[in-house]
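sequence first, predicted model second:
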Amino acid sequence: MDKQRICILGAGSWGTALAIQAARNNHNTIIWGHNADHMRALQYERTNSRYLPGITLPDNLTVTNTLKTAVQFSKIVLIAVPSHAFPTTLINIKADLNPNATIAWATKGLNHEDGSFLHQSVISQLGEKTPMAILSGPTFAMEVAQGLPSAISIASQQPHCATELADIFHSAHFRTYTSTDIIGTQIGGATKNVLAIAAGIADGLGYNANTRSALITRGLAEIIRLGQHLGGRQETFMGLAGLGDLILTCTDNQSRNRRFGIGLGQGKKAHDLIAEINQEIEGIAATEQIHRLAQHLKIDMPITEQIYQILYQNTAPSHAVKTLLAREQRDEEPFPST
């Protein structure tokens, strides 16, 4: 395809990996981050030594710490900041956006203030006609940056947006698939981090493959139960943005949410683990948001409920496991709609 220009906002591991992928595909790419010292280091060292050590930035990847410069560089703006910074980022870029700019995001989570979807924040700040798309799926940043085979889903209710972004990122080692299910994609991306904490806790307590497999399977049922109620599609939950991402984050220690859960299961304190991991652990806030949403909608999500009890009600992980196991026997209905 013809060369495109794309702006990436967020210079953590995932934002940098996506910027590298776009630049390697010969698209003119610019990346911005809020930390001026970090961005100066990226510019002069040409590597993100904090998040992606050993990976060299392509020559056609421009680094800037000036937000206006980044936003005005392209009509395609891809936001890869933590979910708590997403609404503020929209506010900060609003005045400098190019006409008819596409807003895409690789952020996984819900609005921290009210638990709403991130696309609702885009509509609130930029208008309902704003072209928008979501990138999600089972992709660890380091593996993408290393050029290892990966696949991602790009969802948009404006198909041309999903196709445009898919063309920018698709390559021989990075497959892109498109979807129109923005609800299911967002629910999958937010809830899987809660379940990754659960899987980590189980491993930290000394449980093994049987427990982990049960958590993934029953966790998927919780995602589907909530997601279908909100209008998401079952095929999304069985695809890259659902089951794929869930398996990835529940089974590999590259997941910071899983590592956080392992520490909790081993008896470590949450604040110590947050300092030790020293990266955003989206599952902590997502647990509160998803729990609140499930309570409001009266959706049964027992695993999510117990992670909420551990994180916000000081319940011991071992007690939470006992509570889950003490539930009444029932028929297996993995994909109920209500």
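Structure's in. What do you need? All of these numbers come straight from a predicted model, not from anything done at the bench.

what ranges do the strands span in the stretch 151-300 of the chain?
174-179 (DSSP state E, counting those that start in this stretch).

domains in this structure, by residue range?
Structural domains annotated on the chain: 5-180, 183-325, as defined by automatic domain parsing.

Provide a list of residues in contact with residue 180.
The neighbourhood of residue 180, defined by Cβ atoms under 8 Å, 6 or more residues apart in numbering, consists of 155, 156, 157, 159, 162. For the C-beta atoms, the positions are set from N, CA and C on the backbone; glycine is no exception.

cutoff 6 Å now
For residue 180, the contacting residues are residue 157, by Cβ atoms under 6 Å, 6 or more residues apart in numbering.

now do it against residue 294, distance only.
From residue 180 across to residue 294, the span is 25 Å (Cβ to Cβ, to the nearest Å).

from the chain's centroid, how far away is stretch 161-174?
On the basis of Cα atoms, centre = their mean, to the nearest Å, stretch 161-174 sits 18 Å off its chain's mean C-alpha point.

got a list of contacts for that stretch?
1, 4, 6, 21-22, 25, 27, 102, 104, 131, 133, 147, 149-150, 154, 156, 176, 178.

now the buried members of those.
4, 6, 21-22, 25, 27, 102, 104, 131, 133, 150, 154, 156, 176 (16 or more other Cβ atoms under 10 Å).

look up how far residue 161 lies from the closest residue to residue 120 other than its chain neighbours.
Among residues not flanking residue 120 along the chain, residue 111 sits closest, at 7.2 Å (Cβ to Cβ, 6 or more residues apart in numbering). Residue 111 sits 21 Å away from residue 161, going by Cβ to Cβ.

pick out whichever of those two has more residues nearby.
Taking neighbours as other Cβ atoms under 10 Å, residue 111 and residue 161 compare with residue 161 leading, 22 against 18.

my guess is residue 250 contacts residue 196, does it?
Yes. With contact defined as Cβ atoms under 6 Å, residue 250 counts as touching residue 196 (5.1 Å).

circling back: let me have the domains of the chain in JSON lines, extended by distance to residue 331.
What follows is the domains of the chain, written out as JSON lines (distance: least, Cβ to Cβ, whole Å):
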{"stretch": "domain 5-180", "distance to residue 331": "30"}
{"stretch": "domain 183-325", "distance to residue 331": "12"}
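
residue 332 is nearest to which of the ones you listed?
Ranking the domains of the chain by proximity to residue 332 (Cβ to Cβ) places domain 183-325 first, at 8.5 Å.

quick one: distance of that closest one to the chain centre.
Averaged C-alpha coordinates place domain 183-325 at 13 Å from its chain's average position (Cα atoms, centre = their mean).

quick test: name the residue nearest the centre of this structure.
Nearest residue to the geometric centre of the chain (Cα atoms, centre = their mean): residue 108, 2.8 Å.

what's the separation between residue 317 and residue 256?
Separation of residue 317 from residue 256 (Cβ to Cβ) stands at 18 Å.

need the helices for the stretch 1-150 of the chain, in chain order.
13-24, 36-45, 67-73, 86-93, 118-126, 141-145 (DSSP state H, counting those that start in this stretch).

can you give me how far the longest one is from the chain middle?
Centre-to-centre, helix 13-24 and its host chain are 15 Å apart (Cα atoms, centre = their mean).

packing partners of that helix?
Counting contacts by 3 or more Cβ pairs under 6 Å, 6 or more residues apart in numbering; DSSP states H and E, helix 13-24 packs against strand 5-9, strand 28-32, helix 141-145.

helix 36-45 and that helix, what's the angle between them?
In terms of direction (axes from the mean of the first three to the mean of the last three Cα atoms, to 10 degrees), helix 13-24 departs from helix 36-45 by 30 degrees.

using CSV, write out every CA atom in helix 13-24.
The C-alpha trace of helix 13-24 is given here as CSV (Å, rounded to 0.1, in the frame of the first residue of the first chain):
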residue,chain,number,x,y,z
SER,A,13,6.1,-0.9,25.8
TRP,A,14,3.0,-1.3,23.7
GLY,A,15,3.0,2.2,22.1
THR,A,16,6.6,1.8,21.1
ALA,A,17,6.1,-1.7,19.7
LEU,A,18,3.2,-0.5,17.5
ALA,A,19,5.2,2.5,16.4
ILE,A,20,8.1,0.2,15.4
GLN,A,21,5.7,-2.1,13.5
ALA,A,22,4.2,0.8,11.5
ALA,A,23,7.7,2.2,10.7
ARG,A,24,9.0,-1.2,9.7
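
and the contacts of it?
Contacts to helix 13-24, defined as Cβ under 6 Å, 6+ apart, come from residues 6, 8, 29, 31, 48, 51-52, 58, 60-61, 80, 106, 141, 144-145, 168-169, 174.

quick one, what contacts the spatially closest residue to residue 246 that is not a sequence neighbour?
What sits nearest to residue 246 in space, not counting adjacent residues and going by Cβ to Cβ, 6+ apart, is residue 192, at 4.4 Å. Contacts for residue 192 (Cβ under 6 Å, 6+ apart) come out as 245, 246, 249.
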